[in-house]
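Trainee: here are the coordinates; sequence isn't available:
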């Protein structure tokens, strides 16, 4: 049996090692090489031209020409000269936060989050809209208001640097209406609406749509542990648990887009004589926050505690412990099954709850993994996600930024289809 894996909580200082963009000195690749330089600085931080040349394998002359253009375009900034070494002082170059902007919108089953993100991937402004259930009319009205707010905040000059809007939303917003308390007429609205088209009518900025858990995985891939872990299975625990699959540093959607649909994984054998002839329960029926919400509500407690530190305090704690035991066992089974099919470096677990509850879920899941027989298969490393509740909206915002500035356009853009 392989030794038990450990789980990590903080970002590893070596997380930037794996994704090293490499340029080409051949002609006709000006835009590509510009993107390679921008990506190198994005991954490794501010650095002088000589370091950029070594990292990208481009000549010093090529780097000089590229960085001058990027400085003139307002995409890079010069830092203070670094002295004390032989020769001319080196001038570090960094991304200009005001060089470009994008909007990420997470349409959830309980809330809508809007992020204005700058060129460095940092949120400049955050808006949240909570609701008991998602009504398309309310959703579109909220997005319209936030787009107006963004235009006012940026002003005319910065508006020209807006790259687009990325929407992260579940594929079946009208589903599970009884479980979530959807009125039937609201569920029917979701069957008729094309959300991306509706938002496109509100703005002249490009609009893209991606599955919400895939967007969260994108954020972890680009801005979190994906910088150092090439192949991983990603779990995001929200109202319903979902996830994504990253192989060789690319998010994989599969033929139908269902690759990484961890919430649909079965939890027991489908036997005609077992469980009353019913099909096996799915992971999402056990390891989703809606189960914890219902437990709180049944005990007369505030169900909104699932997303804050109260979940680990009295009187919510006994119900949380029961959910942790069930959820961790279900997630561990999913990890074991996936590890037998995929050669994974790791499994990343995140969610829209407090970091304290994430730590507790990681510890319980690690204990549940130890109860499996790992003979013949390597147990993947279990890691904490680094983004948290912003992951879906941030992933949405990264779609237009990467479409226009990253050298690898296939990193995750195809999953939107």
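Mentor: All right, it came through fine. Predicted, not measured: the structure shown is a model, and the values here were computed from it.
Trainee: those helices in the protein, which residues are they?
Mentor: With helices called from DSSP state H, the chain shows them at 30-44, 49-56, 60-72, 136-159, 177-180, 184-192, 195-200, 212-223, 289-298, 317-341, 355-369, 391-405.
Trainee: Which one of the ones you listed lies nearest to residue 96?
Mentor: helix 60-72 (8.7 Å; Cβ to Cβ). Bear in mind the C-beta positions are built from the backbone N, C-alpha and C, glycine included.
Trainee: now that closest one, how far from the centre of its chain.
Mentor: Computed by Cα atoms, centre = their mean, to the nearest Å, the chain-centroid distance of helix 60-72 equals 32 Å.
Trainee: What are the buried residues along that helix?
Mentor: Across helix 60-72, burial judged by 16 or more other Cβ atoms under 10 Å covers 62-63, 66-67, 70.
Trainee: Of the residues you listed, just say which sits nearest to residue 389.
Mentor: Once Cβ to Cβ is applied, the member of these that ends up nearest residue 389 is residue 70, at 32.9 Å.
Trainee: before we move on, the earlier item: looking at the helices of the chain, which is nearest to residue 229?
Mentor: Per Cβ to Cβ, nearest to residue 229 of these: helix 212-223, 9.0 Å.
Trainee: Helix 30-44 and that closest one, what's the angle between them?
Mentor: 90 degrees (axes from the mean of the first three to the mean of the last three Cα atoms, to 10 degrees).
Trainee: In terms of secondary structure, what does helix 212-223 contact?
Mentor: In terms of contacts (3 or more Cβ pairs under 8 Å, 6 or more residues apart in numbering; DSSP states H and E), helix 212-223 is packed against strand 101-107, strand 162-169, strand 232-237, strand 242-247, strand 250-252, strand 346-351, helix 391-405.
Trainee: Going by mean pLDDT, which of the ones you listed comes out lowest?
Mentor: Across those, strand 250-252 has the smallest mean pLDDT, namely a mean of 88.
Trainee: Parallel or antiparallel, list what pairs with it.
Mentor: Using DSSP bridges, the neighbouring strands of strand 250-252 in the sheet come out as strand 242-247 (antiparallel).
Trainee: Same list, the buried residues of helix 60-72, but as TSV with distance to residue 402 and pLDDT please.
Mentor: Below are those laid out as TSV (distance: Cβ to Cβ, whole Å; pLDDT from 0 to 100):
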residue	distance to residue 402	pLDDT
62	23	93
63	22	95
66	19	95
67	21	96
70	17	96
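Trainee: now the residues you listed as a markdown table including distance to residue 337?
Mentor: A markdown table is the format used below for the buried residues of helix 60-72 (distance: Cβ to Cβ, whole Å):
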| residue | distance to residue 337 |
| --- | --- |
| 62 | 48 |
| 63 | 47 |
| 66 | 47 |
| 67 | 48 |
| 70 | 46 |
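Trainee: residues touching residue 218, list them.
Mentor: By Cβ atoms under 8 Å, 6 or more residues apart in numbering, residue 218 lies in contact with 210, 244, 251, 395, 398-399, 412.
Trainee: Let's see if you can find the most crowded of the residues you listed.
Mentor: Top of the contacts of residue 218 by neighbour number is residue 395, holding 33 neighbours under the definition other Cβ atoms under 10 Å.
Trainee: Any idea which of the helices and strands packed on helix 212-223 gets closest to residue 36?
Mentor: Nearest to residue 36, of the helices and strands packed on helix 212-223 and by Cβ to Cβ, is helix 391-405 at 10.5 Å.
Trainee: Buried ones in that closest one, by neighbour count?
Mentor: Result for helix 391-405 [16+ other Cβ under 10 Å]: buried residues 391-403, 405.
Trainee: for stretch 136-149, same thing?
Mentor: Neighbour-count burial for stretch 136-149 [16+ other Cβ under 10 Å]: 136, 139-140, 142-143, 146-147.
Trainee: Contact partners for residue 357?
Mentor: 309, 311-312, 320, 351.
Trainee: domain assignment for the protein?
Mentor: Recorded structural domains for the chain (assignment: automatic domain parsing) are 14-95, 100-217+392-416, 227-386.
Trainee: could you redo the contacts of residue 218 as a markdown table and give each row distance to residue 180?
Mentor: Compiled in a markdown table, these are given as follows (distance: Cβ to Cβ, whole Å):
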| residue | distance to residue 180 |
| --- | --- |
| 210 | 22 |
| 244 | 23 |
| 251 | 27 |
| 395 | 23 |
| 398 | 28 |
| 399 | 27 |
| 412 | 28 |
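Trainee: of those residues, closest to residue 216?
Mentor: Nearest member of those to residue 216, counting by Cβ to Cβ, is residue 395, at 5.6 Å.
Trainee: Run a quick check on that closest one versus residue 211, I expect a contact.
Mentor: No - using Cβ atoms under 8 Å, residue 395 is not in contact with residue 211, being 9.8 Å away.
Trainee: Pull up the overlap in contacts between the two.
Mentor: residue 168.
Trainee: just to revisit the earlier point, dump the helices and strands packed on helix 212-223 to TSV, plus distance to residue 117.
Mentor: Shown next, in TSV, are these (distance: least, Cβ to Cβ, whole Å):
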stretch	distance to residue 117
strand 101-107	5
strand 162-169	9
strand 232-237	19
strand 242-247	20
strand 250-252	19
strand 346-351	18
helix 391-405	4
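Trainee: looking at the ones you listed, which is closest to residue 380?
Mentor: Across the helices and strands packed on helix 212-223, closest to residue 380 is strand 346-351 (Cβ to Cβ), at 5.0 Å.
Trainee: Report all helices and strands that that closest one contacts.
Mentor: Identification of packing neighbours for strand 346-351 by 3+ Cβ pairs under 8 Å, 6+ apart yields helix 212-223, strand 232-237, helix 317-341, helix 355-369, strand 381-384.
Trainee: Show me which positions of that strand end up buried.
Mentor: 346-351.
Trainee: Turn these into JSON lines, columns for distance to residue 201.
Mentor: Shown next, in JSON lines, are the buried residues of strand 346-351 (distance: Cβ to Cβ, whole Å):
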{"residue": "346", "distance to residue 201": "41"}
{"residue": "347", "distance to residue 201": "40"}
{"residue": "348", "distance to residue 201": "36"}
{"residue": "349", "distance to residue 201": "38"}
{"residue": "350", "distance to residue 201": "33"}
{"residue": "351", "distance to residue 201": "33"}
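Trainee: Closest one to residue 35 out of the residues you listed, please.
Mentor: Closest to residue 35, out of all of these and judged by Cβ to Cβ, is residue 348, at 26.3 Å.
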